[in-house]
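# predicted model, plus sequence, below.
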Number of protein chains: 2
Amino acid sequence: MTAISKLGEFGLIEQLTKDIQLQNSSTLTGVGDDCAVMHYPHSEVLTTTDMLMEGVHFDLTYIDLQHLGYKAAMVNISDVFAMNGTPRQMLVSLAIDKRFSVEDIEAFYNGLRMACNKWKVDIVGGDTTSSRTGVAISITCIGEAKSEEIVYRNGAKDTDLICVSGDLGAAYMGLMLLEREKSVYYKQVDEIRTKILKAKEQKNQALVTKLTHDLNSLGNFQPDFAGKEYLLQRQLQTEARGDIIETLRAAHIHPTAMIDISDGLSSELLHICKESNCGCRIYEKNLPIDYQTAVMAEELNLNVTTCALNGGEDYELLFTVPIGDHEKIQTLEGIKLIGHITHANLGAQLVTRDNQEFALKAQGWNPLKSSTAAE
Amino acid sequence: MTAISKLGEFGLIEQLTKDIQLQNSSTLTGVGDDCAVMHYPHSEVLTTTDMLMEGVHFDLTYIDLQHLGYKAAMVNISDVFAMNGTPRQMLVSLAIDKRFSVEDIEAFYNGLRMACNKWKVDIVGGDTTSSRTGVAISITCIGEAKSEEIVYRNGAKDTDLICVSGDLGAAYMGLMLLEREKSVYYKQVDEIRTKILKAKEQKNQALVTKLTHDLNSLGNFQPDFAGKEYLLQRQLQTEARGDIIETLRAAHIHPTAMIDISDGLSSELLHICKESNCGCRIYEKNLPIDYQTAVMAEELNLNVTTCALNGGEDYELLFTVPIGDHEKIQTLEGIKLIGHITHANLGAQLVTRDNQEFALKAQGWNPLKSSTAAE
């Protein structure tokens, strides 16, 4: 492994950026000056930014740096799609501590580049620096859209249909699965350590040696993910749904409001209702849920509907379309009609399979809940 | 103090952004959707980003959150000026740990807003989240410039004059001063703690009580900064030199190359030489150094020229102008002519007061040097 100090800041930046080939005519100058320079004479410029902190947003025992880079890029690209825009440029800041080598940072950048190449996004700048402890990632994505194409959160109207792409709750089930396997692993580690202590007390050196060997080979611990690959993929290999944007354009469907699902369906629906000053009714029976998600929820004794409503990290698109698009939208693959927009005074309601109504609440993941100052 | 969990993520964002009044016609939509939306039909768009990590880039025992917000905004604004652009929008990401309250975050935002108001920059988005430990700040600044106005690092030509705004080394001396006073403080704490231990051993309860009182009143420790206020100001209240950009425009001077001095004069000059494929000669006697900087360097037994060359964090502008602007530039206040550009094969040279020549080296602050993986 190569120590970062061997390259220094500027050497590292050069190594990471030397192969970048700019793909967009809107990118005039990329990495290498005080600012990147872009040119958008005929479009509006869209910008979005996200910060990911180790121990809060990701756990490096679950996700390797290449997947992390891919995911960090995709969640920002997803925000540009959620405005019906086209992502064009990206600024990447990364702070790392002493644990990491040049190869680690290259793995992170490989993931970034794979995501950017998929959607033809140019990496035009950023900052690579050190942290005292833990990894911090901040990404800004820049995109473009014609003024009349942009879809905000505030355009939903009474009677509009509510649609969602893909399926819901799988990314959250993937996280639960990873956490379960991690706790299985640490339980095994604990058990062996306890046995080693006892063997030492009994001065049974042969047993100590055997147990120590067992402990070391736990490093090759193979968690049991059989039949649950889709859940892992949804958690570790986030995809921004630019394909859905293309599908809608091809079908000449222009959403009235749109948002990407990062915190959970309930939370995002409430954003649309608040910004559009409307209510909504969605139907439990219409929520798109994958078979693996349902099985995993059952295993964990969780209500699968709750997982679909509040799971988060699906990065699917939630959008509304005029009721006149009803037939068109039903023919499109990968898009599910889950309900409709109502008058604001009807609130945001979930209609269950047995026809009961519940008010939707934003119970999605809230990173600031855990960072509570003393109450 | 208000616990952040009382407001939650969305409540906090609302509280922080409710008073924002957009000041630029290029800002179409600010905070509140998946992306901010901007409009730049007649200019190029400039973007820059910087990440600041607690314990690496700042120490909260030196700097309060309001000054930190101000500085974090200014160092990004400075990058837009360094392209001869006008800063317009800002995206702000902040990750904080459990130590902080709503009021702390408001203090940070107050500092941000003061810096943004000074240069009429709109805060249009960002991310507020938690960290496991330590504060992380990432800011992206967006600006504009006409294509023909942009000044890159690569336009310096043989015989061009090298100019620098303000004075150099003071921000670094301010940091040294703060570190000295901090170590004085901790030395006093250590001494009293040692005496308390001894008094406890001797069961002298009266002395223990007195010493504990002394220890507590050290919390009101007043460091000795008399006569050094300018150094502190330069370290803690960074200013982006937009006034110099305005001065140059008023005088119809168009720099051929420009950069802001964040890592130290030597490091930035070498960037210009590398990008412009040229050499340079600068003169020790011409380096602008404030009286307080010189006094402090003497106190600390440091070579003041070394401090001016490698100190960093001055955020002054370093730029080159055609030799024909010689007379014009000499009349401008706050700008010092320090040397000239040469042919590349002459290298980057410092001419000392006694007419010796030394090759310039980038010894400026390198955040990645300290984050060395095991060699």
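Perfect, I can see it now. Just so it is clear, the model here is predicted, and its values are computed rather than measured. Residues are numbered from 1 along each chain as shown, chains lettered A, B, ... in the order given.

# near chain B, which residues of the stretch 201-350 of chain A are found?
Contact residues (Cβ under 8 Å from any Cβ of the partner chain) of the stretch 201-350 of chain A with chain B: A:258, A:259, A:260, A:275. Glycine gets a C-beta too; all of them are placed from N, C-alpha and C.

# from the residues you listed, which land in strands?
Counted as lying in strands by DSSP state E, out of those, are A:258, A:259, A:260.

# can you put those residues in TSV and add distance to residue A:333, neighbour count and pLDDT?
As requested, these are arranged in TSV below (distance: Cβ to Cβ, whole Å; neighbours: other Cβ atoms under 10 Å in any protein chain shown; pLDDT from 0 to 100):
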residue	distance to residue A:333	neighbour count	pLDDT
A:258	18	29	98
A:259	21	25	98
A:260	19	24	97
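
# nearest to residue A:351 among those?
If you rank those by distance to residue A:351 using Cβ to Cβ, residue A:259 comes first, at 21.2 Å.

# now the closest one. Nearest residue, chain neighbours left out?
Excluding the flanking residues, the one nearest residue A:259 by Cβ to Cβ, 6 or more residues apart in numbering or on different chains is residue A:268, at 4.8 Å.

# quick one: secondary structure of the one you found?
Put simply, residue A:268 is helix when judged by DSSP: H, G, I helix; E, B strand; the rest coil.

# you'd agree it is up against residue A:274?
No. If you go by Cβ atoms under 8 Å, residue A:268 and residue A:274 don't touch, sitting 10.8 Å apart.

# helices along chain A, start to end?
A:4-17, A:65-81, A:102-118, A:170-201, A:205-217, A:229-236, A:242-250, A:265-276, A:291-299, A:304-310, A:326-330 (DSSP state H).

# can I get the ones you listed in TSV with mean pLDDT and mean neighbour count?
As requested, the helices of chain A are exported to TSV (pLDDT from 0 to 100; neighbours: other Cβ atoms under 10 Å in any protein chain shown):
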stretch	mean pLDDT	mean neighbour count
helix A:4-17	82	18
helix A:65-81	97	25
helix A:102-118	95	20
helix A:170-201	90	17
helix A:205-217	89	13
helix A:229-236	95	20
helix A:242-250	98	17
helix A:265-276	96	22
helix A:291-299	96	18
helix A:304-310	94	22
helix A:326-330	96	13
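
# the ones you listed: which one's closest to residue A:127?
Among the helices of chain A, helix A:4-17 sits nearest to residue A:127 (Cβ to Cβ), with 9.2 Å.

# can you name every helix or strand that that closest one contacts?
Where contact means 3 or more Cβ pairs under 8 Å, 6 or more residues apart in numbering or on different chains; DSSP states H and E, helix A:4-17 is packed against helix A:102-118, strand A:122-130.

# quick one: residue A:103 and residue B:117, what's the gap?
44 Å (Cβ to Cβ, to the nearest Å).

# care to break chain A down by domain?
With domains defined by the TED database, chain A comprises A:25-145, A:160-175+A:231-359, A:178-229.

# chain center to the first one, what's the gap?
Same thing as domain A:25-145. Distance, stretch centre to chain centre, for domain A:25-145: 13 Å (Cα atoms, centre = their mean, to the nearest Å).

# cool, and the second one?
In terms of Cα atoms, centre = their mean, the gap separating the centre of domain A:160-175+A:231-359 from the centre of its chain is 15 Å.

# any residue of stretch A:133-148 touching chain B?
Yes. Interface with chain B: stretch A:133-148 contributes A:133, A:134, A:136, A:138, A:140, A:142, A:143, A:147 (Cβ under 8 Å from any Cβ).

# greatest separation within those: which pair is it?
A:133 and A:147 (44.9 Å).

# between the two, which is the more surrounded one?
residue A:133 (16 against 11; other Cβ atoms under 10 Å in any protein chain shown).

# surely the more buried one is in contact with residue A:97?
Yes. Applying Cβ under 8 Å, one finds residue A:133 in contact with residue A:97, separated by 5.3 Å.

# quick one: pLDDT of residue A:340?
On pLDDT, residue A:340 comes in at 98.

# please apply the same query to residue A:365.
Model confidence at residue A:365, given as pLDDT, is 56.

# and the gap between the closest residue to residue A:346 other than its chain neighbours and chain B?
Distance criterion Cβ to Cβ, 6+ apart; nearest residue to residue A:346, sequence neighbours excluded, is residue A:279 at 4.1 Å. Between residue A:279 and chain B the distance, using Cβ to the nearest Cβ, to the nearest Å, works out to 19 Å.

# beta partners for residue A:279?
On the basis of DSSP bridges, residue A:279 is bridged to residue A:342.

# and the closest residue to residue A:193 other than its chain neighbours, how far is that from chain B?
Spatial nearest neighbour of residue A:193, excluding adjacent residues (Cβ to Cβ, 6+ apart): residue A:215 at 7.1 Å. As judged by Cβ to the nearest Cβ, residue A:215 and chain B stand 23 Å apart.

# contacting residues for residue A:215?
Residues in contact with residue A:215 (Cβ atoms under 8 Å, 6 or more residues apart in numbering or on different chains) are A:189, A:192, A:193, A:196.

# ok, so of these, who is nearest chain B?
residue A:189 (21.7 Å; Cβ to the nearest Cβ).

# identify the residue spatially nearest to the closest one, adjacent ones excluded.
Using Cβ to Cβ, 6+ apart, the nearest residue to residue A:189 is residue A:218, at 6.0 Å.

# is it true that the one you found touches residue A:191?
No. If you go by Cβ under 8 Å, residue A:218 and residue A:191 don't touch, sitting 10.2 Å apart.

# got TSV for the helices and strands packed on helix A:4-17, with distance to residue A:74 too?
Output for the helices and strands packed on helix A:4-17, formatted as TSV (distance: least, Cβ to Cβ, whole Å):
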stretch	distance to residue A:74
helix A:102-118	5
strand A:122-130	14
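
# now those as JSON lines including distance to chain B?
Shown next, in JSON lines, are the helices and strands packed on helix A:4-17 (distance: least, Cβ to the nearest Cβ, whole Å):
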{"stretch": "helix A:102-118", "distance to chain B": "8"}
{"stretch": "strand A:122-130", "distance to chain B": "3"}
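
# which one of the ones you listed lies closest to residue A:181?
Closest approach to residue A:181 among these is made by helix A:102-118 (21.9 Å; Cβ to Cβ).

# list the residues that contact the spatially most central residue of chain A.
The residue lying closest to the centre of chain A (Cα atoms, centre = their mean) is residue A:313, at 4.4 Å. The contact partners of residue A:313, taken as Cβ under 8 Å, 6+ apart, are A:171, A:172, A:175, A:234, A:235, A:238, A:262, A:365.

# which of those residues sits closest to residue A:154?
For the contacts of residue A:313, the nearest to residue A:154 is residue A:262 (18.2 Å; Cβ to Cβ).

# show me what contacts the nearest residue to residue A:251 once chain neighbours are set aside?
For residue A:251, ignoring the flanking residues on the chain, the nearest one in space by Cβ to Cβ, 6+ apart is residue A:328 at 5.5 Å. By Cβ under 8 Å, 6+ apart, the residues touching residue A:328 are A:251, A:252, A:253.
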